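Asks: Below are the sequence and a predicted model for it; my questions follow.
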Amino acid sequence: QLQLVESGGGLVQPGGSLRLSCAASGFTLDRYVIAWFRQAPGKEREGISCISTSGGVTMYADPVKGRFTISRANAKNTVYLQMNSLKPDDTAVYYCAATARAYGLRSDLYDHWGQGTQVTVSS
């Protein structure tokens, strides 16, 4: 059974940092493009970053450019999202997703999804 599990969310003060992890089981991540999405209350899910199978190509949405870094450790079957300089607007449930079909930040490209991890940025 293909499964993605996110971890690392929590409560952090503005300006703080968190590192999210996305661990795969039942399949090897190295054949998949991985993306991070987030959904804040009352808002649509938005793609914020994705990474190619090798890790050599990355993409970021404008709201997180320069603050978030996506990386992958294929040997550990895990993808990470390092989030720095967090803002209250970053508060959301964060999801990782996998696709073998394409590369990009559209949610309809992704076939496998995790359950999400809550990130709350508040003083």
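Replies: All right, it came through fine.
Asks: Tell me which residues touch the closest residue to residue 25 other than its chain neighbours, please.
Replies: Residue nearest to residue 25 in three dimensions, not counting chain neighbours: residue 3, with 4.7 Å by CB to CB, 6 or more residues apart in numbering. From N, CA and C alone the C-beta is placed, and that goes for glycine too. By CB atoms under 8 Å, 6 or more residues apart in numbering, residue 3 lies in contact with 24-26, 114.
Asks: try 10 Å this time
Replies: 23-27, 112-115 (CB atoms under 10 Å, 6 or more residues apart in numbering).
Asks: What helix or strand is residue 102 located in?
Replies: Assigned by DSSP states H and E, residue 102 belongs to neither a helix nor a strand.
Asks: same question but for residue 37, I mixed them up
Replies: Residue-wise, residue 37 maps onto strand 33-39 under DSSP H and E.
Asks: Just checking: what are the partner strands of that strand?
Replies: In the sheet, strand 33-39 lines up against strand 46-51 (antiparallel), strand 92-99 (antiparallel) (DSSP bridges).
Asks: separation between the residue nearest to residue 25 and residue 21?
Replies: 14 Å (CB to CB, to the nearest Å).
Asks: No further queries at this time; thank you.
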